[in-house]
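J.: What shape does this take:
(2 chains)
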Amino acid sequence: MGMPITVEIVGPETHDDLFALVFNYFISIDDQFSVYKKTSEISKINQGLVQEADYSKDMKLVFALSEETRELTDGYFDIHRPDGSIDPSGLVKGWSIYNAAKLLKEKGVENFFVEAGGDIAVLGKNERRESWTVGIRNPFKLDEIVKVVSLKDEGIATSGTYLRGQHIYNPFNKDQSITDIVSLTVIGPNVYEADRFATAAFAMGKAGIAFIEQLTDFEGYQIDKDGIATMTSHFERYTKSYV
Amino acid sequence: MRAQKSLFSFLLLGTFATYALYLQQFTQSRANAPVILEKNLVVPRMPTQQMPMQAPMMRGLYRDGTYLGSNADAYYGNVQVKAVIQDGKITDVQFLDHPKDQSNSIVVNEYAMPRLKTEAIRAQRATVDVVSGATATSRAFVQSLTAALAQAKN
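T.: Numbers count the residues shown, from 1 in each chain, chains lettered A, B, ... in the order given. Just a heads-up that it's a prediction; the model follows:
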């Protein structure tokens, strides 16, 4: 996966063991799914060294979820890269955060967030006993936020490219990177769903926000290359203004 | 079966007379290609240039040849029509494929692009608990995670 991870747990005791639990989980996910690690399971699969029948349980699950997502999004979500390799990170990120959050819930933690690579799962309240506030980063000025949303237990995911950053392409036109939008944030019932649909919707370019609009229980905030944002009809249920 | 609205394009011809070019919707279905326009897609009318109004069906006043209507921006794709004139009559009208983003147009049509609120982004002066944003993937993930764990252990 290759991304920074932040976990915050609110409570009266220290939680070294819980942080270790979550971070160790992410390390194991990285060992399986990171295309940057030559020894990862996905890298071995991409090198043709593993038969499909021998994929790990998690790998088979991720492939199945990816196929379901591909169908739900008319092919705009697709883990196959133009060079023929497979990179499931557009789904694994949200899915693994969702699982990490589940680990904490199973341990009885009631107030926390788990963030990895800009996607976040939240539960409960922050240390001020208020709903967790999430800022949407300004794609043009990385130290600024352009929107604040307040979440209870939803998941939030942002897909995008930075100027001169990585390229996300349209699976239907692989020579063409998405350039008309730079950021698409999705709020959904959980971070797994928010992430997979944010990934798919971003590949649709400017039409992505329309895709999110027609999904029940999802809201979105899309920023185009000119700094104009388009939001779904009920996105402002989540917002607060701090201008 | 499928309701078809006829699409005609009348051409703008030079010299002596100009004629209005009208663009209407039509759906076109081919065995191995997706439907390009669904009936929800609103195709804006081509800018019409009204001339001393005679009936649009000006038989015999068209010069033979093949003519392209100008590119009309149908919001998520371009609409362009080609008409063929033979013996002064329109004998064929073709809808030209979108040059690209054809699939985007299909998605938008199916999801009936609504009017959504837009705004210029503005910096918010607020402290938040956490930030969501696209991040560049970092190959230093393992190192930074190890360092974070080392701190957590203290």
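J.: What strand or helix carries the one residue sitting closest to the centre of chain A?
T.: In chain A, the centroid-proximal residue (C-alpha atoms, centre = their mean) is A:D195; its distance is 3.5 Å. For A:D195, the enclosing helix or strand under DSSP states H and E is helix A:191-203.
J.: just to revisit the earlier point, state the number of residues packed around the spatially closest residue to the residue nearest to the centre of chain A that is not a sequence neighbour.
T.: Once flanking residues are discounted, A:D195 sits nearest to A:G94: 2.4 Å by C-beta to C-beta, 6 or more residues apart in numbering or on different chains. From N, CA and C alone the C-beta is placed, and that goes for glycine too. Residues lying near A:G94 (other C-beta atoms under 10 Å in any protein chain shown) number 30.
J.: again with A:L142
T.: By the criterion of other C-beta under 10 Å, A:L142 has 14 neighbours.
J.: Does it touch B:V131 like I think?
T.: No: using C-beta atoms under 8 Å, A:L142 is not in contact with B:V131, being 9.4 Å away.
J.: hmm, back to that, on contacts alone, who are the packing partners of the helix holding A:D195?
T.: Under the contact criterion of 3 or more C-beta pairs under 8 Å, 6 or more residues apart in numbering or on different chains; DSSP states H and E, helix A:191-203 touches helix A:57-72, helix A:89-106, strand A:119-123, strand A:155-160, strand A:181-188, helix A:208-213.
J.: where in chain B is pLDDT low?
T.: Where chain B drops to pLDDT under 70, the residues are B:1-63, B:66-85, B:88-90, B:92-114, B:135-154.
J.: Show me what counts as buried in stretch A:57-70.
T.: A:D58, A:M59, A:V62, A:F63, A:L65, A:S66, A:T69, A:R70 (16 or more other C-beta atoms under 10 Å in any protein chain shown).
J.: what separates the last one from A:G90, distance-wise?
T.: Right, A:R70. Distance of A:R70 to A:G90, given as C-beta to C-beta, to the nearest Å: 11 Å.
J.: which neighbours do the two share?
T.: Shared contacts of A:R70 and A:G90 (C-beta atoms under 8 Å, 6 or more residues apart in numbering or on different chains): A:F77, A:I79.
J.: Contacts for stretch A:79-93, please.
T.: A:1, A:3, A:29, A:33-35, A:42, A:45-46, A:62-63, A:65-66, A:69-70, A:77, A:116-117, A:119, A:157, A:159, A:169, A:171, A:174, A:192, A:195-196, A:199-200, B:137.
J.: before we move on, the earlier item: look at the residue nearest to A:D195 and report its pLDDT.
T.: Model confidence at A:G94, given as pLDDT, is 96.
J.: hang on, isn't it packed against A:E193?
T.: Yes: using C-beta under 8 Å, A:G94 is in contact with A:E193, at 7.4 Å.
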